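J.: Sequence first, then the predicted structure, then my questions.
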Amino acid sequence: MEKIIEFILSNKFYAPIIYVVVAIIVYNVLVKINNNIGKLGKRKSDKKKGTVIRLINSVIKYILVIIVLLMILELYGVNTTSILASLGIVSLVIGLAFQDTMKNMLSGILIILDDRYNVGDTVKINDFTGEVINLGLQTTKIRDYQGFVFTINNSNIESVINYTENDTNLYLDIPISYDEDIDKVEKVLKKLSSKIEKIENVKGPLSLLGVDSFGDSSIIYKISIPTKPYKHFGVKREVLKLLKITFDKEGIVVPYNQMDVHIKEK
């Protein structure tokens, strides 16, 4: 009984309890911080981001468990230095063997946490442009408009342009004959604004930017149209079709290259 009481009153009994309680408190604090950091991005419901958050929480838990175990073993007189040395050698070997893998994983985690891009976004990574079809911890896959799939290691990504972050402005150069009345052209374009707004992926009315330059056979009139991110290619085709139909009805001439042939008779 005396030995039991002596053990209960010694630090070998209550110290491990204190270690465990402190570790639980530290774990909860770090997990809360990690969860709050993960919610800072725009895509708060992103599944991949949630996966990374859970992964980091698991890493925090296991690190704290290892630290507490080593402290308890040290308390009971176990030489933890040799254990740490062994772990260090094993970790060094594993780290050297999987160095590139770890770099890719860390880069993938940073990409997701920084919210640089997500699946479905249209991006330009290094010199390749396309839609992100897969975002993993190791690699990113992009498919261009021709269907080619580009796979790149996350650690090799040097530059990223995300075309999906903001709306796109479509700028159109409209060639007008020098004989046309510019005021008439502007009135026709203003009337077209309501029809253009109804085109799919258009975000607002067109803006008349005015005469942009004088060409060899035409005046270049510039307009801009706000569209959904990276949807301006389809909008451009619809607008050009609408312009052609309307200009034909209004009698507005769009000049084109012509060749006059003169036949000289002897």
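T.: Happy to help now that I have it.
J.: Secondary structure of V123: a strand, I assume?
T.: Yes: counting by DSSP: H, G, I helix; E, B strand; the rest coil, V123 falls inside a strand.
J.: any idea how far D115 is from it?
T.: 12 Å (CB to CB, to the nearest Å). No exception for glycine: its C-beta is placed from N, CA and C like everyone else's.
J.: what do you get for V22?
T.: From V22 to D115 the distance is 34 Å (CB to CB).
J.: Neighbour count for the two, which is higher?
T.: It is D115, of V22 and D115, that has more neighbours when counted by other CB atoms under 10 Å, with 17 against 13.
J.: For the strand or helix carrying I25, buried residues please.
T.: Assigning secondary structure by DSSP states H and E places I25 in helix 11-38. Residues of helix 11-38 classed as buried: 16, 19, 23, 27, 30-31, 34, 38 (neighbour count, 16 or more other CB atoms under 10 Å).
J.: which residues sit in contact with L242?
T.: 192, 195-196, 199 (CB atoms under 8 Å, 6 or more residues apart in numbering).
J.: Just the buried ones from those residues?
T.: 192, 196, 199.
J.: just to revisit the earlier point, counting only helices, which of the contacts of L242 make the cut?
T.: Those of the contacts of L242 mapping onto helices are 192, 195-196, per DSSP state H.
J.: Let me have those residues in a markdown table, adding distance to T139 and pLDDT as columns.
T.: Below are these laid out as a markdown table (distance: CB to CB, whole Å; pLDDT from 0 to 100):
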| residue | distance to T139 | pLDDT |
| --- | --- | --- |
| L192 | 46 | 90 |
| K195 | 44 | 90 |
| I196 | 41 | 91 |
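J.: wait, which of those residues is closest to S155?
T.: Distances from S155 to these, taken as CB to CB, are shortest for I196 (44.3 Å).
J.: Can you give me the neighbour number for the residue lying closest to L106 once chain neighbours are set aside?
T.: Nearest residue to L106 in three dimensions, chain neighbours excluded: S155, at 7.7 Å (CB to CB, 6 or more residues apart in numbering). By the criterion of other CB under 10 Å, S155 has 17 neighbours.
J.: What pLDDT is listed against S155?
T.: What the model reports as pLDDT for S155 is 87.
J.: Now for L208: which residues touch it?
T.: L208 touches 186, 189-190, 223, counting by CB under 8 Å, 6+ apart.
J.: Domains in the chain, by residue range?
T.: The chain breaks down into these domains under automatic domain parsing: 2-97, 116-162, 168-250.
J.: Lowest mean pLDDT across these, which one is that?
T.: Among the domains of the chain, domain 2-97 scores lowest, at a mean of 74.
J.: okay but R143 is in contact with N134, surely?
T.: No: using CB atoms under 8 Å, R143 is not in contact with N134, being 9.3 Å away.
J.: Report the contact partners of S177.
T.: 218-219, 252-255 are the contacts of S177 under CB under 8 Å, 6+ apart.
J.: Just the buried ones from these?
T.: Applying 16+ other CB under 10 Å to these flags 218-219, 252, 255 as buried.
J.: out of the domains of the chain, which comes closest to S107?
T.: Taking the domains of the chain one by one with CB to CB, domain 116-162 is closest: 3.8 Å.
J.: From one end of the closest one to the other, what's the distance?
T.: 7 Å (CA to CA, to the nearest Å).
J.: Could you tell me how far it lies from the centre of the chain?
T.: 9 Å (CA atoms, centre = their mean, to the nearest Å).
J.: ok so, going back, quick one: mark the members of the buried ones among the contacts of S177 that sit in strands.
T.: Among these, DSSP state E puts I219 in strands.
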